[in-house]
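Enquirer: Here is a sequence with its predicted model. Questions after.
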Amino acid sequence: MPENTQAPRRPGLDTSSARIRSAVRQALVERANSADAEGDAPVFVALSGGPDSLALADALAFEARSAGIFAGAIIVDHGLQEGSDLVAERTAATARELGLEPVIVRRVSVGTEGGPEAAAREARYAALSEVAREHGSDTVLLAHTRDDQAETVLLGLARGAGARSLAGMAPRSGLYARPLLGIDRVDTVGSCAARGLTPWIDPHNFDPSYARVRVRETILPMLEAELGPGIAKALARTADQAREDADAFEDMIEEFIEEIVEHAEAGIAVSVQALAANPAALRNRIIRLVAQGEFGVSLERSHTLEIAELVTRWRGQGPIDVPGIRVHRDNGLIVFTAAGALG
């Protein structure tokens, strides 16, 4: 009887890793098809060392090799915990073992404005953008999962910040791509285990002083227990639908704004007649977009409604001061100026 010389079959890729690779592959295809893509520019992954970003980095390393593109990693050391520099170096070593190059460790100084979460996020994104710019990169992959999207929607709902906040995180926003928004956190953990990767577990992820941790550890499990499984997926679907509506609405509004605004001394002016002729949802959205687009100010709803009363309940009231902006009515126009611009 002839000897069986067939090589043993290699074990197949686990389901979780296959899902993540497929998501990354799709993101790279979309990047390649983008008019802004640079053929030889590296794609970076923002790598914290946690299971989400580690699974993403592993998938990017494989898919980049298959696609013949350069892929690197950016590790941001926030310096908020003792030994964070050692964690960053270990994470960098893991990235190099995966075959990512270049691997950049960037230490940042985290301020206090807006609270610890917001300050750390601002410092992190600034570092990611800086490294990408230095290396001519057009894409940085972020490891936000479907669970992160659900948490974002709940936090937006709690703030009462309107439809845009319910839209959650976009799959692509400028430099940043989020290929894992359709992937559950259980898959990133499972992929790391199956691939023999040891993630770093950030103790801040269990600190209840952070609102997102309370949502993750208490609110979402409670909703699952009381309303049944699938809450995270339902919230993520809500985000997708809200984002589609908000994007379409804003595209239409931006075209409309060009017709009804004009430059004013030290600011911009909007036609009272045009604002009055439209429903409140459109009027308020225009006010918010003017404030954001011209002055970089995100208006609270109370401020938006106060400005809208210059149109709907005009009684000769004087200027309205909101953070960063002064707004007044003058000869059929609502005039927005930077606070203090006119003395």
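Expert: Right, received. Where do you want to start?

Enquirer: what helix or strand is residue 303 on?
Expert: Assigned by DSSP states H and E, residue 303 belongs to helix 301-312.

Enquirer: Now do the strands in this structure.
Expert: Counting by DSSP state E, the chain has strands at residues 43-46, 71-77, 103-107, 139-141, 172-173, 176-177, 261-264, 267-271, 320-322, 325-330, 333-338.

Enquirer: The first one - which strands sit beside it in the sheet, and in what orientation?
Expert: Here the strand partners of strand 43-46, with direction, are listed using DSSP bridges: strand 71-77 (parallel), strand 139-141 (parallel).

Enquirer: how far out from the middle of the chain is it?
Expert: Centroid separation between strand 43-46 and its chain, computed with Cα atoms, centre = their mean, to the nearest Å, is 14 Å.

Enquirer: hmm, who's touching it?
Expert: Around strand 43-46, the neighbours that count as contacts under Cβ atoms under 8 Å, 6 or more residues apart in numbering are 28, 31, 53, 56-57, 60, 64, 69-74, 76, 100, 104, 124, 128, 131-132, 135, 137, 139-143. Any C-beta I mention is one placed from the backbone N, CA and C, and that applies to glycine too.

Enquirer: May I have it as PDB, with CA atoms only?
Expert: Taking only C-alpha atoms (Å, rounded to 0.1, in the frame of the first residue of the first chain), the coordinates of strand 43-46 have been written out as PDB:
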ATOM      1  CA  VAL A  43      -2.000  53.000   6.100                       C
ATOM      2  CA  PHE A  44      -1.600  53.200   9.900                       C
ATOM      3  CA  VAL A  45      -3.500  51.500  12.700                       C
ATOM      4  CA  ALA A  46      -4.000  53.400  16.000                       C
END
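
Enquirer: Can you show me the helices along the stretch 201-343 of the chain?
Expert: Residue ranges of the helices in the stretch 201-343 of the chain, as given by DSSP state H, counting those that start in this stretch, are 211-214, 220-227, 231-260, 272-276, 280-295, 301-312.

Enquirer: now those as JSON lines including mean pLDDT, distance to residue 116 and mean neighbour count?
Expert: Listed next are those as JSON lines, based on pLDDT from 0 to 100; distance: least, Cβ to Cβ, whole Å; neighbours: other Cβ atoms under 10 Å:
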{"stretch": "helix 211-214", "mean pLDDT": "90", "distance to residue 116": "11", "mean neighbour count": "16"}
{"stretch": "helix 220-227", "mean pLDDT": "91", "distance to residue 116": "21", "mean neighbour count": "12"}
{"stretch": "helix 231-260", "mean pLDDT": "84", "distance to residue 116": "25", "mean neighbour count": "15"}
{"stretch": "helix 272-276", "mean pLDDT": "92", "distance to residue 116": "39", "mean neighbour count": "17"}
{"stretch": "helix 280-295", "mean pLDDT": "88", "distance to residue 116": "25", "mean neighbour count": "18"}
{"stretch": "helix 301-312", "mean pLDDT": "92", "distance to residue 116": "25", "mean neighbour count": "17"}
